[in-house]
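K.L.:
Following is a predicted model, sequence given first.
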Amino acid sequence: MANYSFMKYIILLGDGMPDYPIDELGGKTPLEYANTPNMDFIAKNGTVGCVKTIPDGFPPGSDVSNLSILGYDPAKYYTGRAPLEAASIGVKLSPTDIAFRCNLVTLKPTDNELVMEDFSAGHISTEEARELISVLDKNLGTDEIKFYSGVSYRHLMVWKNGSNNLKLTPPHDISGKSIKSYIPQGDRANILIELMNSSQMVLSNQKINKERKNNGKNPANSIWLWGHGKAPAMPPLKERFGITGSIIAAVDLMKGIGIYAGLTPVNVPGATGYIDTNYEGKADYALKELEKKDFVYLHVEAPDEAAHNGSLKNKIKAIEDFDNRVVGRILEGIKKFKEYRILVVSDHPSPISIKTHSSERVPFAIYPQKGGNGAAGFSEKIVSNPSIKFEKGHELIEYFIN
């Protein structure tokens, strides 16, 4: 029989779950309104508190917040989003390379302006996107510019000897807005603008986009470059805490953070980073990883994606699916281990009303925890009256593990 006597740690992260009160829900947030018996159980029977995952002066991105939760001070280790994604795709960056997140997006012409209609090009499939990125690399790639395909709409561009002194905007921050005020600015920004403009000409002629339009889907008619930076240097978690671990996520950003943290990325069939993801598969793979590792970081993107799309219905469904099909399954399956500790947390709020991230503190709950100070349920109410408060997000994991 397997020896499961060592302490097992698992972080269950529902991306962007916290929100603001919504009139349609009787003044409740989606997290308060949703039916979440498993997270509520953990909150009632464990230790709860709040954590500031976004340090002052930093943008409220999933890159910054997840670095914090994994125990890395963004002020020390954050160099940009794209270099983290490069690690997941398997692209090794030289010291002079600048990596950029390259979204496939849908731009809509209106009154002599282009509007960011869809930051995900209708959640384009990875297969379709791979073909389009290949065409872009063939047409626009040079000795200095290379395109690499990722997952769905999320891809990578690497600029050899490129500029890091640029002002770029995440496309999900400008949904429904004219792009005129948000095009790249700064040192050699003209090169990025030219790439984005040229991509529109290349993509408009592609058969995939013509078929998507015929089928009523948003075409991937432009690239959008953002999240730039150089490769970071981060000490692995094994060096810091003496633990081995894995990361389970559908998005390259999370896998990349995990790789830099020394975690093994685990690919789960059917994990999409969207509302249709394989929740049960993620939970089952996590439990399997705990049989041979000390620690698992399980990330679910769906609530955040629903918020970016402004879908209240899907956000509530994503929270309930995370609770029922991930948290509940882990609570049951983890009992086979003699000692274990579960941390339920989110990385940042993603309020439906603004369709993007915000910087407020987020609730967390740890179970089981001796001397617990539980709450009535898992929601933003924990933040307004916490008994434990971490002003530095990277300190939470130290409390959790030690």
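P.N.:
Thanks, I have it. Numbers count the residues shown, from 1 in each chain.
K.L.:
Quick one, grab the pLDDT at residue 253.
P.N.:
At residue 253, the model reports a pLDDT of 92.
K.L.:
Check residue 5 too.
P.N.:
Predicted confidence (pLDDT) at residue 5: the value is 53.
K.L.:
ditto for residue 198
P.N.:
Residue-level confidence at residue 198 comes out at 98, pLDDT.
K.L.:
swap in residue 273?
P.N.:
As summarised for this prediction, residue 273 has a pLDDT of 89.
K.L.:
Same check on the one 5 residues further on?
P.N.:
We have a pLDDT of 97 for residue 278.
K.L.:
Which residue is the nearest non-sequential neighbour of it?
P.N.:
Counting by CB to CB, 6 or more residues apart in numbering, the nearest residue to residue 278 once its immediate chain neighbours are dropped is residue 270, at 3.3 Å. Using the backbone N, CA and C atoms, a C-beta is placed for each residue, glycine as well.
K.L.:
can I assume that neighbour sits in a helix?
P.N.:
No. Residue 270 is assigned coil when assessed by DSSP: H, G, I helix; E, B strand; the rest coil, not a helix.
K.L.:
Need phi/psi at it.
P.N.:
For residue 270, the backbone dihedrals (degrees, to the nearest 10) come out as phi 80, psi 0.
K.L.:
wait, isn't it in contact with residue 280?
P.N.:
No. Applying CB atoms under 8 Å as the test, residue 270 and residue 280 come out as separate, 9.3 Å apart.
K.L.:
Give the residue from the two that has the larger number of neighbours.
P.N.:
When residue 270 is set against residue 280 and neighbours are counted by other CB atoms under 10 Å, the residue ahead is residue 280, at 15 against 12.
K.L.:
Make sure the more buried one is indeed in a helix.
P.N.:
Yes. Judged by three-state DSSP, residue 280 forms part of a helix.
K.L.:
so how far is residue 300 from the most centrally placed residue in the chain?
P.N.:
Computing the C-alpha centroid of the chain and ranking residues by CA atoms, centre = their mean puts residue 62 first, at 4.9 Å. With distances taken as CB to CB, to the nearest Å, residue 62 is found 12 Å from residue 300.
K.L.:
Likewise for residue 285?
P.N.:
Counting by CB to CB, the gap between residue 285 and residue 300 amounts to 13 Å.
K.L.:
more neighbours, these two?
P.N.:
For residue 285 and residue 300, the more surrounded residue by other CB under 10 Å is residue 300, and the numbers stand at 31 against 20.
K.L.:
beta partners of that one?
P.N.:
Bridge pairing for residue 300 (DSSP bridges) gives the partners residue 14.
K.L.:
now the helices for the stretch 51-200 of the chain?
P.N.:
Assigned helices in the stretch 51-200 of the chain, in chain order: 62-69, 74-77, 82-89, 126-140, 189-204 (criterion: DSSP state H, counting those that start in this stretch).
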